[in-house]
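Peer 1: Prediction below, plus the sequence it came from.
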Amino acid sequence: MKIEQIYTKCLAQGSYYIENNGEAAVIDPLREVDQYIEMAAERGVKIKYILETHFHADFVSGHLTLSEKTGAPIIYGPNAETNFPSTIATDGQELPLGDFKIRVLHTPGHTMESTCYLLLDEKGTPKTLFSGDTLFLGDVGRPDLAQKAASMTQEDLAGILFESLRTKIMTLPDDVVVYPGHGAGSACGKNMSSETVGSIGQEKATNYALRADMSKAEFVKEVTDGLAPPPAYFPLNVQMNKEGYSNIDDVLTKGKKALSADEFESQMKESDVVVLDVRHQDEWCKSHIPGSIFIGLNGQFAPWVGAVIKDTATPLLLVVEEDQVEEAITRLARVGFDNVQGYLKNGIEAWAIDGKNLADLESISARDLEAKITNEKAIVFDVRKDGEYEAEHLGCARFTPLDDLDKYLDEYPENDKFYVHCAGGYRSVIALSILKANGFHTGINVLGGFGAIKDTGLKISEFVCPSTKA
């Protein structure tokens, strides 16, 4: 028996390879599927099933490509409807895998087709639950992503999720191992643990949503409270997962087109093209192509691309290190951004050698910011998330969260200097790249972000404060 968790930190997403007695199943595969095929080939194993827990919103699954390459059927739980050949399993159906079985547990609530898969050993004893987005470690799936009609609210879905958890999940033995679909950092929940493996017993003891004395009304209120708006790209990913998408091999072939500086500049003039610079933020600050958007591969790259660029059909030109071209295109494809037109051959150096215009970004230390605030009443913007800002922030900072920065552009000065910080210095550079692309060129990045600001001893507001968006 073999269970392999393939955990992708950028997406905070877990996919799974299960193998028993010469047969394998893959649950919620990543879009680049060769790793699963190679795993099975190395062990002389046949991939028998491709199991999907639901129609994912935060990433494009590899189910279609994996099925195409292996012939394995794609299996969903009840209520799923696809535009491609698939098997819709029934609740309680058992799928043989070697001398083990996988039981289908329909657990609607996060979405109406949401399904968990329970692995049973040769004696029929429940061993492992692959819980998808129904149950996370420390949380449960948010119920606001699958509202199909005005007649079904997030409260309706939360009530359905309450029943699914109580009748299908909490009744399992405490020693059943839990492998969730996501961990901390995913937008599919709000209180997830950074751990990636747990147990039913641990969750019943510690997960706020599984309290034994909790009423349905209490559950609905707590699960729906404080939900941030879902990223704009989520519905587009759901559509791709339901209707189909291009083979990632074709996406890579198209995207890996090396463009000279002149070719790159010519394509920049096309309408709607976005120049995406994925180098480290320090490199972008030193020199970058005017108008380019920075989102570095070293951070939560794919989710921020989806949050900032939003439309997955947007044509993209990449500024990227030569040895990271394939990685960048692959990670973009994971969230449905398939329209990479090519990349700048030999990187930013080629642009400089060709004598084309370059820009830079001024930065300031947190210690110097303290002096600016004290002596010059500096204008400071905080681009972190709501929860971070509400927990603790500079009293003088204006709150303009990166997720919705386009809604706050009117608050930025066109001529006066202003200072932007996040938590550590990654998101602030993303924000400043967007601002520069929109004509705001007097922004200055705060190195080290709020962490560095705190280290200076600079006076900050109370740790708990109202969410006032000045």
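Peer 2: Sure thing, it's come through.
Peer 1: Now do the contacts for Val28.
Peer 2: Val isn't right for residue 28; it's Asp. Applying CB atoms under 8 Å, 6 or more residues apart in numbering, we find Asp28 in contact with 13-16, 51-53, 56, 61, 132, 181. C-beta coordinates here come from the backbone N, C-alpha and C atoms, glycine included.
Peer 1: if I look at Glu411, how far off is Pro401?
Peer 2: 12 Å (CB to CB, to the nearest Å).
Peer 1: Between these two, which is the more surrounded one?
Peer 2: Pro401 (20 against 14; other CB atoms under 10 Å).
Peer 1: residues in contact with the more buried one?
Peer 2: 383-386, 389, 408.
Peer 1: and these, which are buried?
Peer 2: The neighbour count (16 or more other CB atoms under 10 Å) marks 383-385, 389, 408 as buried among the contacts of Pro401.
Peer 1: and the residues you listed as JSON lines, adding pLDDT, distance to Asn237 and secondary structure?
Peer 2: Listed next are the buried ones among the contacts of Pro401 as JSON lines, based on pLDDT from 0 to 100; distance: CB to CB, whole Å; DSSP: H, G, I helix; E, B strand; the rest coil:
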{"residue": "Val383", "pLDDT": "98", "distance to Asn237": "24", "secondary structure": "coil"}
{"residue": "Arg384", "pLDDT": "97", "distance to Asn237": "25", "secondary structure": "coil"}
{"residue": "Lys385", "pLDDT": "92", "distance to Asn237": "21", "secondary structure": "coil"}
{"residue": "Tyr389", "pLDDT": "92", "distance to Asn237": "27", "secondary structure": "helix"}
{"residue": "Tyr408", "pLDDT": "97", "distance to Asn237": "26", "secondary structure": "helix"}
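Peer 1: which one of the residues you listed is nearest Tyr208?
Peer 2: When these are compared for distance to Tyr208 (CB to CB), Lys385 wins out at 19.8 Å.
Peer 1: Hmm, that closest one is touching Asp403, no?
Peer 2: Yes. Lys385 is within contact range of Asp403, at 7.0 Å (criterion: CB atoms under 8 Å).
Peer 1: which residues are common contacts for these two?
Peer 2: With CB under 8 Å, 6+ apart, Lys385 and Asp403 have common neighbours Ala228.
Peer 1: Tell me where the stretch 51-200 of the chain has strands.
Peer 2: Using DSSP state E, counting those that start in this stretch, the strands found in the stretch 51-200 of the chain span residues 74-76, 87-88, 94-97, 100-106, 115-120, 126-132, 177-180, 198-199.
Peer 1: Need those strands in TSV (columns: mean neighbour count and distance to Leu297).
Peer 2: Shown next, in TSV, are the strands of the stretch 51-200 of the chain (neighbours: other CB atoms under 10 Å; distance: least, CB to CB, whole Å):
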stretch	mean neighbour count	distance to Leu297
strand 74-76	23	30
strand 87-88	16	37
strand 94-97	17	36
strand 100-106	21	35
strand 115-120	24	32
strand 126-132	24	27
strand 177-180	24	25
strand 198-199	20	30
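Peer 1: Now the ones you listed in a markdown table, please, with extra columns for distance to Phe301 and mean pLDDT.
Peer 2: Shown next, in a markdown table, are the strands of the stretch 51-200 of the chain (distance: least, CB to CB, whole Å; pLDDT from 0 to 100):
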| stretch | distance to Phe301 | mean pLDDT |
| --- | --- | --- |
| strand 74-76 | 27 | 98 |
| strand 87-88 | 34 | 98 |
| strand 94-97 | 34 | 98 |
| strand 100-106 | 33 | 98 |
| strand 115-120 | 29 | 98 |
| strand 126-132 | 24 | 98 |
| strand 177-180 | 22 | 98 |
| strand 198-199 | 27 | 98 |
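Peer 1: what sits against Leu409?
Peer 2: 435, 438, 440 are the contacts of Leu409 under CB under 8 Å, 6+ apart.
Peer 1: any idea how far it lies from Phe440?
Peer 2: For Leu409, the distance to Phe440 - CB to CB - is 8 Å.
Peer 1: got it, and Lys123?
Peer 2: Lys123 is 65 Å from Phe440, by CB to CB.
Peer 1: between these two, which one's more packed in?
Peer 2: Between Lys123 and Phe440, Phe440 has the larger neighbour count (other CB under 10 Å), namely 17 against 8.
Peer 1: Look at the residue in the chain sticking out farthest from the centre and report its pLDDT.
Peer 2: Distance from the C-alpha centroid of the chain peaks at Asn375, with 40.6 Å (CA atoms, centre = their mean). Note for Asn375: predicted pLDDT of 81.
Peer 1: Alright, I will stop here.
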